[in-house]
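In: okay, predicted coordinates and the sequence, questions at the end:
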Number of protein chains: 2
Amino acid sequence: MKHIAESTVRRLSLYLRFLEEFETQGQATISSGELALSGGTTSAQVRKDLSFFGSFGKRGLGYGVRDLIGSIREILGLHRSWSVVIIGAGKIGAALAQYRGFTQRGFNVVGVYDKDPSRIGVTLDDITVRADAELERDIQRLKPQIAVLCVPGDAAQALVDRVTKAGVKAVLNFAPAQIHVPKGVTLRAVNMATELEILAFGLSHPEERAS
Amino acid sequence: MKHIAESTVRRLSLYLRFLEEFETQGQATISSGELALSGGTTSAQVRKDLSFFGSFGKRGLGYGVRDLIGSIREILGLHRSWSVVIIGAGKIGAALAQYRGFTQRGFNVVGVYDKDPSRIGVTLDDITVRADAELERDIQRLKPQIAVLCVPGDAAQALVDRVTKAGVKAVLNFAPAQIHVPKGVTLRAVNMATELEILAFGLSHPEERAS
């Protein structure tokens, strides 16, 4: 497989969102043009994105919605389930622990951790917050692939070091800190400060419009 | 000013984060090389990013940390404050309404809205959730520039249409839906499903590693 840019993966994820909507509405086939329209891109881009992974659809007939959903889910690694630990049970961590979108998409939250004694033992939906000292033992036992980090910025790197050393292969970082992961570990960050700053830039430079 | 790519704005935001850390540690000057190292980029990139906005620093002497912080804050539009309304007071909306990072960065939450009667009137920190029917009147009165959207996917577009029509110029979308904004409005989206799918892709294609 050729190198796949993150922008391609991001668009595939977007196509999947629309295809699922089309399927709900009972639509059986879709053209690259229709898919492009939903995604704000061109049909040439849609065909190019899908061509990375083989040959889909029939010329003039478009793509079968259900088939394409299956193919994109497989490409994205969604045909199986993944286990997730959430580290930090503050406001954002607790909200995520109760976020139904995880399970709906095959991401099972198998543990929530905090170091604050007042949070340990608290039940969020059907999961009980555990002491972060248990992380290594739990990771060995439960083998989560993904850690979601919702701790203060200055605690983030040490925790990432611990969980990746224990075997976690993907990190979604909500902590307001730039963190580093070992080679072979996938890292994504959601940084509220950065998002707000990009908005402020757009507001301050209306002629510019960061895009 | 030349067209500024979002990736540049994103790096400026990152540089700002490091510069603030350096300032806290009492460092007075910094070289483009040091700044590049923190940001995982090159010193040539740092100089290029900053050159868009004028001339900073002295050859061989580096940048004054405090001056550069001031300049980047001004570039990003952080030298002034912005008003924010949060729409949707569910778990994520409520967590954001109580997120201290907003105020710390000059983003003042002036209203939180929901349509669920069981949430209206609830107090989050020092702000009371109001009925979303009040949105237009409140936007006219409070003139928020930014709306943060934390509603179910199928409610998102109609609300964006309402708030942008009422005068909001920037939208941060947490709703799991692709939304469209009128020309002249800045849009950012934080999509948990997409972030998780990019992680799953990375886990499924360890040789690929979306980057």
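Out: Right, received. Where do you want to start?
In: tell me where the model's unsure across chain A.
Out: Along chain A, the parts satisfying pLDDT under 70 run over A:1-3, A:53-60, A:208-211.
In: try 50 this time
Out: Residues of chain A meeting the criterion pLDDT under 50: A:1, A:210-211.
In: any idea how it splits into domains?
Out: A:6-76, A:82-194 (automatic domain parsing).
In: would you mind finding the most buried of these?
Out: Most buried of the domains of chain A, by mean neighbour count (mean count of other CB atoms under 10 Å in any protein chain shown): domain A:82-194, with a mean of 18. Glycine gets a C-beta too; all of them are placed from N, C-alpha and C.
In: how far off centre is it?
Out: 13 Å (CA atoms, centre = their mean, to the nearest Å).
In: start and end of that domain, how far apart?
Out: 28 Å (CA to CA, to the nearest Å).
In: show me the helices in chain A, by range?
Out: Along chain A, counting by DSSP state H, helices occupy A:6-24, A:32-39, A:43-51, A:65-76, A:91-97, A:100-104, A:135-142, A:153-165, A:192-204.
In: just to revisit the earlier point, so which of the domains of chain A is nearest chain B?
Out: Closest approach to chain B among those (CB to the nearest CB): domain A:82-194, 3.1 Å.
In: what's the span of stretch A:23-38 from first residue to last?
Out: 14 Å.
In: circling back to that earlier point, would you turn the domains of chain A into JSON lines with distance to chain B?
Out: JSON lines is the format used below for those (distance: least, CB to the nearest CB, whole Å):
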{"stretch": "domain A:6-76", "distance to chain B": "4"}
{"stretch": "domain A:82-194", "distance to chain B": "3"}
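In: residue B:158: which of those is closest?
Out: domain A:6-76 (15.9 Å; CB to CB).
In: residue contacts, residue A:85?
Out: Neighbouring residues of residue A:85 by CB atoms under 8 Å, 6 or more residues apart in numbering or on different chains: A:109-113, A:135, A:138-139, A:142, A:144, A:146-148, A:163, A:168.
In: then residue A:49?
Out: Contacts for residue A:49 (CB under 8 Å, 6+ apart) come out as A:8, A:11, A:12, A:15.
In: hmm, 7 Å instead?
Out: For residue A:49, the contacting residues are A:8, A:11, A:12, by CB atoms under 7 Å, 6 or more residues apart in numbering or on different chains.
In: do the same with residue A:5
Out: No contacts exist for residue A:5 under CB under 7 Å, 6+ apart.
In: how close does it sit to residue B:27?
Out: 36 Å (CB to CB, to the nearest Å).
In: mind checking how far residue A:162 is from residue A:140?
Out: 12 Å.
In: returning to that earlier point: how about the domains of chain A, which one is nearest residue B:188?
Out: Once those are compared by CB to CB, domain A:82-194 is nearest, at 9.3 Å.
In: skipping adjacent residues, who's closest to residue A:196 in space?
Out: Computed as CB to CB, 6 or more residues apart in numbering or on different chains, the closest residue to residue A:196 that is not its neighbour in sequence is residue B:107, at 5.6 Å.
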